[in-house]
Each structure stands twice: as structure tokens, then as C-alpha cells.
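Participant: For reference, the sequence and a predicted model appear below.
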Amino acid sequence: MKNLLEIVQILTKKKIAKIEILDEQTLKNKDSKFGIFYEALMTGKIASDQEAAKILYGKPEAGNARYRQLKSRFKRRLYNTLFFLDVNAPLTSNRAQAQFNCNKEWALVEIMLTYDARTPAISLARQILTIALKFHFTHLVVKSAQLLREQAVLDENEKLFEEYNAYVKQFTPVLEIEIRAEELSQKAELAYQTRFFEEKGLDHLEQIGNELISLTEKTDSPQVHYHMYAVWVLYYELLQAYEEILEVIQKAKDYLRSNPDYFDEHRKSYFLIKKFAVYLHLQQYREGKAQAEELLSELQPDSMEWFDFMEYYLLLSLHTENMINALAVFNKVADSPGFKKLDEARREKWELFEAFFHYFIEVEDLNPNLLLRQRRKAFKFSDFINQPVNYPAKYVTLTIHHTVLKILFLLFRRNYSAIPKLLEQLRKLSRYELTKDGYERATAMVKLLYQLEKADFQMDKLKSVDRYLQKLEDNRFFYRGKISELEVIPYHKLWQMLCRHLE
């Protein structure tokens with residue numbers, strides 16, 4: 001009862017009149033600007049303050065005082081609503097539920113301590129400690145044990161002091177090692193993303209991996225082991241040593257399986273998706289399809305992990321010419337509730353996939369009804385050919401794919417007149433946007449198209465293509481989910497398609 005009395009006193013002093021959150025009633029109210037704002041953000045209708053101000057007040061003036069005030073109140077309601085998320089949904093793991101609840105309850109401990117409600121704060125800290133020990137939330141073990149150790153001093157209880165002090169002494173070094181492991185993992189991710197074409201990047205990754213191995217010898221922390229396995233996967237991925245990747249992933253899966261309470265869905269799915277990426281690069285459709293069954297049962301539909309996996313699954317199907325399966329994967333994603341909520345990069349990739357499917361339907365004389373996307377617009381060849389491609393520079397790979405796809409359509413229809421203009425656009429891209437490392441394959445593809453133009457689109461006049469084909473072979477397809485590395489169809493197969501249209 002003392003706990004309740006202290007909490008009630010806090011609420012009485014602060015006189016909370018109303019908890020401002022975004023509840024279901026507010027969001028469903030069509031006259032509520034909070035509801036309108038939320039819906040527009042959720043469906044991707046707005047990406048800037050100017051767009052939000054126009055939707056809410058009819059004027060694209062982000063500096064408008066009414067809009068600024070509404071945005072501030074909306075943000076505060078969003079923050080408040082986070083405390084009431086439903087983490088007890090059936091698809092949420094026990095660990096995820098425990099982590100959310102512990103973090104929320106620790107925030108309550110801090111609030112109660114701020115207002116001198118020490119008795120309920122200590123009581124809640126004991127509960128947090130018990131759960132943190134079970135799930136190995138090291139930082140919360142240390143924090144709660146420190147607070148309980150302090151309380152033991154105030155209560156002059158030497159036995160409890162020694163008990164909680166033992167936890168602090170045991171887990172503080174573990175926490176320091178976990179922090180170091182996390183730092184090393186983040187450095188490895190930076191090296192993986194930015195130094196693929198530098199020898200020192202691989203050396204740096206190997207050094208990080210070896211240090212993480214030494215850290216696992218100092219502690220049995222599951223988090224340290226996770227980072228160690230993840231870094232070695234990145235290292236072997238950059239080496240394109242796929243058998244070694246599979247070996248590391250199997251060890252990681254065995255470890256995670258023997259310690260199920262210590263890892264959330266994101267970390268469990270990480271290795272599964274990396275394994276599927278191996279099948280993509282090895283062009284092993286049968287093995288990938290079998291693995292897909294396991295992944296689809298593990299991943300929560302519409303989660304980012306699910307969309308990432310489905311992208312790899314689609315690419316594997318396309319790259320191995322399993323068109324019907326590719327269409328089935330596309331339809332499943334395009335008709336999923338979360339498709340419209342995808343970020344710009346992901347959504348642009350799927351729009352590009354759809355454009356390629358229209359080409360395959362025409363060229364292979366497939367039934368157009370196979371593309372069952374419920375919200376699709378009718379495909380019009382003239383609109384597609386004449387529509388300018390206006391991707392920003394960071395999406396130059398998408399521009400190349402769209403332009404090459406237009407050329408494929410035109411060649412198939414024996415319409416050569418519009419192709420020179422498209423090739424000129426590619427020539428400019430090659431001169432200004434494809435000079436950086438990482439675009440060797442795209443550059444080779446563009447150079448092949450130059451040779452096609454020089455031969456007046458006649459196969460018997462085609463010359464000087466071997467060196468560019470060799471560049472495609474020397475720089476093997478390598479994809480990590482980055483748009484710059486995307487190949488809807490591998491470039492050497494795209495070239496074969498172009499040539500078939502000219503035979």
C-alpha cells in the first residue's frame with residue numbers, strides 16, 4: 001500500500017488532467033488534424049514540412065505558426081503513445097516483450113526517484129533485476145543492482161549489500177566487453193559498406209574478427225558471440241567465400257538455437273537472410289526455395305526483414321529464370337498491407353521489378369493476368385517509353401536499368417529510332433556518375449551498348465565486346481541490398497537478351 005500512496009502523491013502534486021496520446025478514436029476521426037497527419041505519414045503521402053502544411057492547411061508554408069504548433073503537439077503525442085505499444089502480440093517474442101517492458105519500467109523507476117517515491121522505485125527495480133538476469137540485459141542488471149546496493153546501505157543491510165554488489169562486480173566487466181564488441185561490430189559494418197574495393201578494408205575486418213574471438217574467450221555473453229559471428233559473415237562475404245559463410249552461419253544458428261532467450265527476431269533472422277543471399281550469388285534456386293520455406297515461417301509478414309528476404313527471393317527466381325515463382329513472390333509483396341509504407345529506396349526497387357515483369361510478359365507471351373497486383377496501373381508502352389527518368393544521382397543504377405529496359409522493349413519491337421537518344425543519356429551517366437568504385441559492372445554494360453550502336457544494331461557488324469564481357473566476368477555480381485549493386489537481371493544475361501532481339 002505504501003507503494004501506491006507514494007505514486008498517488010506524485011500524480012496529485014502534478015495534477016495530470018489528460019494523457020495526450022494518439023488513440024484509436026483520435027486516428028479514426030476524419031476531422032482530426034492529428035488523424036490526418038498520422039494517416040499521411042503512414043501512407044507516405046508526405047515527406048517534408050511543406051507537403052504536410054499543404055495537406056493540413058492548404059498552404060505549403062512550413063513556417064506557418066499553426067502548423068508548427070500542431071507538429072509540436074503531434075510529436076509529443078507520438079512520444080507518449082510509445083509507452084502504450086502492444087508488445088504482447090502473438091508474433092512478438094518473449095525476449096522482445098521483456099526488453100520493452102524492462103526499458104519502460106526502468107524509465108518509471110527514474111521518474112519515481114526524481115519525485116522521491118523511493119519505495120515503489122526500489123520494488124520495481126527488484127523485478128527488473130530478476131528479468132534482466134534471465135534475458136541477459138546486462139546494462140539493466142548493472143543499473144538495477146547499483147540502485148538496490150545503494151538502498152541496502154540506507155537500510156543498513158550488509159547481506160543485501162554484498163548480494164547486489166556481487167552483481168555489479170560480475171556484470172560491469174561484461175558490460176564493458178559488450179560495449180567494446182558493439183563498437184567493433186559497428187566499425188566492421190562501416191568497413192563492409194565503404195571499403196569493399198580496398199585491400200585494407202579486408203585486413204581491417206579480419207583484425208576486428210580476431211579481436212572479437214578473443215573477447216568471447218573473456219566472457220560467455222551472448223551479445224559478444226553474436227557480434228563475432230556477424231563480423232565473420234561480413235568478412236567472408238566481401239571475399240565472396242560462400243562455403244565459409246555457410247559454415248559460420250551454421251555455427252551462429254547452433255549458438256542462437258541453444259540460447260533462444262537471448263536474441264530477438266531481428267538477430268535470429270539476420271543469419272537466415274545472409275544464408276539466402278549465398279544461394280542468390282551461387283544461383284542455387286533449389287536450395288534457396290527450400291530455405292525460403294523456413295524463412296517464411298520465421299519472419300513476421302510486412303516486417304523489414306520480410307521485405308528484405310522477399311527481395312532476395314525475387315532476385316534468385318529472376319536470375320535463375322524461374323519466372324512463375326518470381327511473379328508469385330512479386331504479387332505477394334505488392335499486395336501486402338505494408339507495401340505502401342516502404343521507404344523510398346525499397347519502393348523504387350519494387351516499382352522497377354514490376355516494369356521488368358511487363359517486359360517479360362510481352363516477350364515470353366505470358367498471360368498478363370499473372371501480374372495480379374491489385375493496385376497496379378494499366379501498363380502502357382508509349383507512356384513507359386516517353387516518360388523521362390528522373391532519379392537522383394544516388395539512384396543512378398535505377399536510371400540505368402530503366403533506360404536499358406526501354407532499349408530492350410524497343411529492340412523487341414524493332415523500333416530503333418528512339419534508341420540513340422537513350423544511349424546518349426547513358427553516355428552522360430557513364431561520364432559523370434559511373435566513375436566511382438563499385439560501378440564496374442554497370443560501366444561495362446553501358447560500353448557494350450555503345451558497341452551495339454556502332455554496329456548499327458546488326459549482329460554481324462558487332463565488334464570489340466569481348467573485353468567488356470570479360471570485365472563483367474572479372475567483377476562478379478555482388479549484392480548486399482544496396483541500390484548501387486542491384487541487377488534485376490545480371491548484366492551478362494541482359495546483354496544476351498539484347499543480342500537475341502537482333503538475331
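Facilitator: Good, I have the coordinates. Numbers count the residues shown, from 1 in each chain.
Participant: can you pull the pLDDT of the residue nearest in space to the middle of the chain?
Facilitator: Centroid-nearest residue in the chain: residue 304, 5.4 Å away (criterion: C-alpha atoms, centre = their mean). We have a pLDDT of 89 for residue 304.
Participant: same check, this time on the one 4 residues further on
Facilitator: Residue 308 is assigned a predicted lDDT (pLDDT) of 93.
Participant: Could you check how far the strand or helix carrying it is from the centre of its chain?
Facilitator: Secondary structure assigned from DSSP states H and E places residue 308 in helix 304-319. On the basis of C-alpha atoms, centre = their mean, to the nearest Å, helix 304-319 sits 12 Å off its chain's mean C-alpha point.
Participant: For it, buried residues please.
Facilitator: Neighbour-count burial for helix 304-319, counted by 16 or more other C-beta atoms under 10 Å, picks out 305-319. Where you see a C-beta, it was placed from the backbone N, CA and C, and this is true even at glycine.
Participant: now swap in stretch 479-496 and tell me
Facilitator: 479, 483, 485-492, 494-495.
Participant: Just the residues contacting stretch 272-290, thanks.
Facilitator: Stretch 272-290 is contacted from outside by 233, 237, 240, 242, 245-246, 249, 253, 291-292, 294-295, 298-299, 305, 308-309, 312-313, 315-317, 319-320, 322, 325, 476-480, using C-beta atoms under 8 Å, 6 or more residues apart in numbering.
Participant: Flag every buried residue along that stretch.
Facilitator: For stretch 272-290, by 16+ other C-beta under 10 Å, it's 272-281, 284-285, 288-289.
Participant: With respect to residue 167, which of the residues you listed is nearest?
Facilitator: Within the buried residues of stretch 272-290, proximity to residue 167 (C-beta to C-beta) peaks at residue 272, which comes in at 34.3 Å.
Participant: Quick check: pLDDT value at that closest one.
Facilitator: With respect to pLDDT, residue 272 has a value of 90.
Participant: Give me the distance between it and residue 96.
Facilitator: Residue 272 is 17 Å from residue 96, where distance means C-beta to C-beta, to the nearest Å.
Participant: what's around residue 193, how many residues?
Facilitator: Per other C-beta atoms under 10 Å, the neighbour tally for residue 193 reads 12.
Participant: now it: how far from residue 121?
Facilitator: Taking C-beta to C-beta, one finds residue 193 at 42 Å from residue 121.
Participant: Check residue 340 too.
Facilitator: For residue 340, the distance to residue 121 - C-beta to C-beta - is 43 Å.
Participant: for residue 34, same thing?
Facilitator: Taking C-beta to C-beta, one finds residue 34 at 33 Å from residue 121.
Participant: can you check residue 161 too?
Facilitator: Using C-beta to C-beta, we find residue 161 at a distance of 18 Å from residue 121.
Participant: Please say which of these two ends up with more neighbours.
Facilitator: residue 121 (22 against 17).
Participant: That one - nearest residue in space that isn't next to it in sequence?
Facilitator: For residue 121, ignoring the flanking residues on the chain, the nearest one in space by C-beta to C-beta, 6 or more residues apart in numbering is residue 112 at 4.0 Å.
Participant: The protein: strands as residue ranges?
Facilitator: Using DSSP state E, no strands are found in the chain.
Participant: Quick check: which ranges of it have low pLDDT?
Facilitator: 1-19, 21, 44, 59-63, 85-92, 195-200, 372-377 (pLDDT under 70).
Participant: residue farthest from the centroid of it?
Facilitator: The chain, farthest from centre, C-alpha atoms, centre = their mean: residue 156 at 50.8 Å.
Participant: I'd like to know how many residues surround residue 466.
Facilitator: Residues near residue 466, counting by other C-beta under 10 Å: 8.
Participant: Hmm, I typed the wrong one, I wanted residue 501.
Facilitator: Look at residue 501: counted by other C-beta under 10 Å, it has 17 neighbours.
Participant: for residue 458, same thing?
Facilitator: Neighbours around residue 458, by other C-beta under 10 Å: 9.
Participant: Hmm, residue 502 and it touching each other?
Facilitator: Yes - between residue 458 and residue 502 a contact is recorded at 7.0 Å, counting by C-beta atoms under 8 Å.
Participant: so residue 230 touches residue 185, yeah?
Facilitator: Yes - when contacts are counted by C-beta under 8 Å, residue 230 is listed as touching residue 185 (6.2 Å).
Participant: Pull the contacting residues for residue 57.
Facilitator: Counting by C-beta under 8 Å, 6+ apart, residue 57 has contacts 64, 66-67.
Participant: how near is it to residue 66?
Facilitator: 6 Å.
Participant: what's the closest residue in space to residue 338 that isn't next to it in sequence in contact with, if anything?
Facilitator: Nearest residue to residue 338 in three dimensions, chain neighbours excluded: residue 302, at 3.4 Å (C-beta to C-beta, 6+ apart). Going by C-beta under 8 Å, 6+ apart, residue 302 touches 336-338.
Participant: Off-centre distance for stretch 481-492?
Facilitator: That offset, for stretch 481-492, works out to 17 Å (C-alpha atoms, centre = their mean).
Participant: oh sorry, the question was meant for stretch 454-469
Facilitator: 40 Å.
Participant: Could you pull out the buried residues of it?
Facilitator: 455, 457, 462, 465, 468.
Participant: And stretch 227-245, by the same measure?
Facilitator: Buried, per 16+ other C-beta under 10 Å, within stretch 227-245: 227-238, 242, 245.
Participant: Show me these that map onto helices.
Facilitator: 227-238, 242, 245 (DSSP state H).
Participant: farthest pair in the residues you listed?
Facilitator: Taking C-beta to C-beta, no two of those sit farther apart than 227 and 242, at 21.6 Å.
Participant: May I see the buried residues of the helix ranked longest in the chain?
Facilitator: The helix that spans the most residues within the chain, counting by DSSP H, is helix 158-194. Within helix 158-194, the residues scored as buried using 16+ other C-beta under 10 Å are 161, 164-165, 167-168, 171, 174-175, 177-178, 180-181, 184-185, 188, 191-192.
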